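1. could you look at this predicted model? Sequence included:
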Amino acid sequence: MRELWGQSSQLMRVARRLSKPLVLISSAAVGVGTVLAVQSLNSTAEDLLGSFRGPLEQRIGAALGHPLKIGPYKGLRPWGVALGETAIAPTSSDRSTIKLQGLSVHLDPLASLRQWQPVVRLKLQGLDGVLDRQADGRYWRFGDVPQGGDAPPDLDLRFELVQPARIRLTPSGEEIQLSSRGSVQIAQKRFTAMSRLRWPDGAGSLALDVKGRWDRPELVLSSRVRSLDLSRLEPFLPGPDATELAGEAGGDLAIRWTPDRFRCQGQLQVRDLELQNTTLPDPLRSSAVGFSCRNDRLSLDPSRWRLGEWRADAKGFLQVSGPVDLRINVASLKRKDRAQLRLDGPWSNPRWRLAGLVDLPELDGPLRVQGQLRTPWTDPAFRQIQVQNALITSAGLRLRLDGTIGDQIDLR
């Protein structure tokens, strides 16, 4: 027994001495095998990306309307890959550009299982964009998307700006910081985005939550405006660069719009509003303007306006696809000229009721005008001004008019 016990103890000591080298050798073998496997997988992924790079650049670039250069392969990431600097280049007719310092693409397995749909996440790093305003007011010209062909993939593409993007507008020189994340469901043709625009010099911020479709009109928008300097919106105004805007806006507004329905909720306040345009003889000003919205009704709070020597008090509401009731009282600050205008009735064919007087040096006494107009402007076949019971009177003058003003004038 003693001999057996001694032999057993000796064998155990030998085994212990051998176990450490074996573990080290096994670990090294596993490590080397893992490194070789990762290197092989890494090389395979790089080769696969290289084979798809050209077709992807061509197809996406055609849709964007700009040449696309996908960045170099930077290695594997959990469930995805990382790419280097990626750029969308300018064209001869559109000098706008976008550059990314880096881009990672990976599959989200848990989200894919929850949705029973592949979910791919894009993380955009260091986005820097230059948007050049064109003659028609646009900042980007998209390309033509080819019709037909293969059906779009049933894919949920989720994007996120890792850092706020820097967007510069030319030729105005305006600079904006953009934070954004959202998703694009390609097969369903739906999109969502949560974005925030901020001006670096403290000129306010604008937050937007948007979702909708691009195959038909459908939009849900929530906005939060905080101390926004309206002059910073001049580069976004349509038409030529001839409009100057000033004031400060704030408020919350939500809109839901489809072709057969419009709903909204919220309000917007503007202080020290000033609008200048070549079509106006003087700047249009108001110290305080308030707009509110509830369901399909848009309201203008009582407000006072100035245009040169003219002053106007206005208030009213508009119900989409329903009635309108807008009242404006206008008076001259230097003369006795004044007028009262009321717009009411259905929006498709509103009634304009006017009453006022004007002092003219050529006449002995004021010229008084009163009457009623109709403007059925939603029907292209009957776009005209219908003059109803217009009466112009002064000392020794009495003129009554009825008829229509359109392509031809027929007044009696």
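-> Okay, I see it. Numbers count the residues shown, from 1 in each chain.
2. is Glu234 part of a helix or strand, or is it coil?
-> helix (DSSP: H, G, I helix; E, B strand; the rest coil).
3. so it touches Ala242, yeah?
-> No: counting by Cβ atoms under 8 Å, Glu234 stays clear of Ala242, with 10.2 Å between them. Using the backbone N, CA and C atoms, a C-beta is placed for each residue, glycine as well.
4. so for those two, which residue has more residues nearby?
-> Here Glu234 and Ala242 are compared on neighbour count by other Cβ atoms under 10 Å; more neighbours surround Glu234, at 15 against 10.
5. report the separation between the more buried one and Ser227.
-> Going from Glu234 to Ser227 by Cβ to Cβ, to the nearest Å gives 17 Å.
6. with Arg190 instead?
-> Counting by Cβ to Cβ, the separation of Arg190 from Ser227 is 33 Å.
7. what's the answer for Val270, then?
-> Here Val270 is placed at a distance of 12 Å from Ser227 (Cβ to Cβ).
8. what pairs with the helix or strand where Gly290 lies, and is each one parallel or antiparallel?
-> Counting by DSSP states H and E, the element that carries Gly290 is strand 284-295. Paired neighbours of strand 284-295 in the sheet (DSSP bridges): strand 261-277 (antiparallel), strand 297-307 (antiparallel).
9. for those strands, which one sits closest to Arg342?
-> Among the strands paired with strand 284-295, the nearest to Arg342 by Cβ to Cβ is strand 297-307 (13.6 Å).
10. show me what the helix or strand following that closest one packs onto, helices and strands only.
-> Remark: after strand 297-307, the chain's next helix or strand is strand 310-319, criterion DSSP H and E. Helices and strands touching strand 310-319, as assessed by 3 or more Cβ pairs under 8 Å, 6 or more residues apart in numbering; DSSP states H and E, comprise strand 297-307, strand 323-332.
11. so what touches strand 310-319?
-> Here strand 310-319 makes contact (Cβ atoms under 8 Å, 6 or more residues apart in numbering) with 296-306, 324-333, 343, 347.
12. poorly predicted segments of the stretch 101-250 of the chain, please.
-> Scanning the stretch 101-250 of the chain for pLDDT under 70 picks out 145-153, 239-241.
13. all helices for it, in order.
-> Along the stretch 101-250 of the chain, counting by DSSP state H, counting those that start in this stretch, helices occupy 109-115.
14. all strands for it, in order.
-> All strands of the stretch 101-250 of the chain, identified by DSSP state E, counting those that start in this stretch, fall at 102-107, 119-125, 128-132, 156-161, 165-170, 175-185, 190-198, 205-213, 219-229, 243-258.
15. adding distance to Ile88 and mean neighbour count, write the ones you listed out as JSON lines.
-> Listed next are the strands of the stretch 101-250 of the chain as JSON lines, based on distance: least, Cβ to Cβ, whole Å; neighbours: other Cβ atoms under 10 Å:
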{"stretch": "strand 102-107", "distance to Ile88": "12", "mean neighbour count": "17"}
{"stretch": "strand 119-125", "distance to Ile88": "12", "mean neighbour count": "19"}
{"stretch": "strand 128-132", "distance to Ile88": "9", "mean neighbour count": "17"}
{"stretch": "strand 156-161", "distance to Ile88": "15", "mean neighbour count": "18"}
{"stretch": "strand 165-170", "distance to Ile88": "13", "mean neighbour count": "17"}
{"stretch": "strand 175-185", "distance to Ile88": "15", "mean neighbour count": "17"}
{"stretch": "strand 190-198", "distance to Ile88": "18", "mean neighbour count": "16"}
{"stretch": "strand 205-213", "distance to Ile88": "22", "mean neighbour count": "16"}
{"stretch": "strand 219-229", "distance to Ile88": "26", "mean neighbour count": "16"}
{"stretch": "strand 243-258", "distance to Ile88": "29", "mean neighbour count": "16"}
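16. mind putting those strands into a markdown table with distance to Trp310?
-> Below are the strands of the stretch 101-250 of the chain laid out as a markdown table (distance: least, Cβ to Cβ, whole Å):
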| stretch | distance to Trp310 |
| --- | --- |
| strand 102-107 | 56 |
| strand 119-125 | 51 |
| strand 128-132 | 38 |
| strand 156-161 | 47 |
| strand 165-170 | 34 |
| strand 175-185 | 36 |
| strand 190-198 | 35 |
| strand 205-213 | 32 |
| strand 219-229 | 27 |
| strand 243-258 | 19 |
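17. how about those, which one is nearest Ala63?
-> strand 175-185 (12.3 Å).
18. done for today, thanks.
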